[in-house]
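In: Sequence and predicted structure, then a few things I'm wondering about:
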Amino acid sequence: MKLNNFNIVSAILCLLVILTILGRLFSFQELFEYSWALIFPMLAYLYYSQKQNISHFFGFFLIGFSLAEFFKLDFIPNAYHVSNGFVAAGYILLLIFLVKDFNLKALIKKFKLQLVVLLVFNMYLVFALNQMILQDKDIVINTFDFAFEVIYNIQILLLLSFSLLHYLYHETQKGLLLFLASVCIVFSEMIQVAYLFISSEQLLQIAYTLLMGVGFYFLYNYIKIRQFQLNEINSLKQ
């Protein structure tokens, strides 16, 4: 992909981000929803336009989020479960992308203490998130919705843990960006849980949007670094 095309799409992304912020701050719901929904397909386009060394696990994660936001739009009624399904599938693909190149024996040998700490930390957070869900008096235990929420929470916590391990394992700038993106995405999801099941304060929804946006900004920088590296490799070959 030529760099000027990358810059054009990047400029469009900046415009969409500005429109999203304006829509959220001034309660222009349609402006916010449509601008926000268009951000994710643009990121997927940037990634797949690189053509070299593409991981479909990462690419389909971006596509999964794109479809999830599309099904959240107002003109598609009763698509809540479909949207959440695409998000959950996207997280699974991102998890596979993070762990597919791990050497399990080397990982356990090198990070025994970190793995124990992460296990305890995740168990506590799963308990805390479930307690937040149970604050909703309408929630019914032993139902599909409750089971989905529990599995969903486990997914996002695994994402945080494996993104940290991925960075520690590889110690690269791209690994750091993936970890920072995961941190923002996971904490935005935790805020979303509080918004849905405890309090519907508008501030929580703004915080969710802000953290999710920052998380995908880190993913944009991850894609941008890959683009520059590919350009350098191609220029050396010529």
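Out: Sure thing, it's come through.

In: mind listing what Lys72 touches?
Out: Taking CB atoms under 8 Å, 6 or more residues apart in numbering, we find Lys72 in contact with Glu33, Ala37, Ala79, Ser83. C-betas here are computed from N, CA, C, even on glycine.

In: Just among those, which is most surrounded?
Out: Most neighbours among the contacts of Lys72, by other CB atoms under 10 Å: Ala37, with 20 neighbours.

In: Mind pulling the model confidence for that one?
Out: Looking at Ala37, its pLDDT stands at 90.

In: Could you look up the SS state of the most centrally placed residue in the chain?
Out: When the chain is reduced to its mean C-alpha position, the closest residue under CA atoms, centre = their mean turns out to be Ile185, at 4.9 Å. Assigned by DSSP: H, G, I helix; E, B strand; the rest coil, the conformation of Ile185 is helix.

In: Ignoring the adjacent residues along the chain, who's closest to it?
Out: Excluding its sequence neighbours, the residue lying closest to Ile185 (CB to CB, 6 or more residues apart in numbering) is Gly215, at 4.1 Å.

In: ok, now Leu168?
Out: Counting by CB to CB, 6+ apart, the residue nearest Leu168 is Phe111, at 6.4 Å.

In: Could you pull up the contacting residues of Lys110?
Out: Tyr169.

In: and what of Ile141?
Out: For Ile141, the contact set (CB under 8 Å, 6+ apart) comprises Leu134.

In: picking up where we left off before, wouldn't the residue nearest to the centre of the chain be in contact with Gln155 here?
Out: No. The pair Ile185 / Gln155 is not scored as a contact, 11.0 Å apart, by CB atoms under 8 Å.

In: distance of the residue nearest to Leu168 from Leu118?
Out: In this view, Phe111 and Leu118 are 9 Å apart by CB to CB, to the nearest Å.

In: Find residues that contact each of the two.
Out: Residues touching both Phe111 and Leu118 (CB under 8 Å, 6+ apart) are Leu165.

In: Could you check the helix or strand harbouring the residue nearest to Ile185 and say which residues are buried?
Out: Element membership for Gly215 (DSSP states H and E) is helix 202-237. Neighbour counts using 16 or more other CB atoms under 10 Å place 204, 207-209, 211-223, 226-227 of helix 202-237 among the buried residues.

In: Relative to the whole chain's centre, how far out is it?
Out: Helix 202-237 has its C-alpha centroid displaced from the chain centroid by 11 Å (CA atoms, centre = their mean, to the nearest Å).
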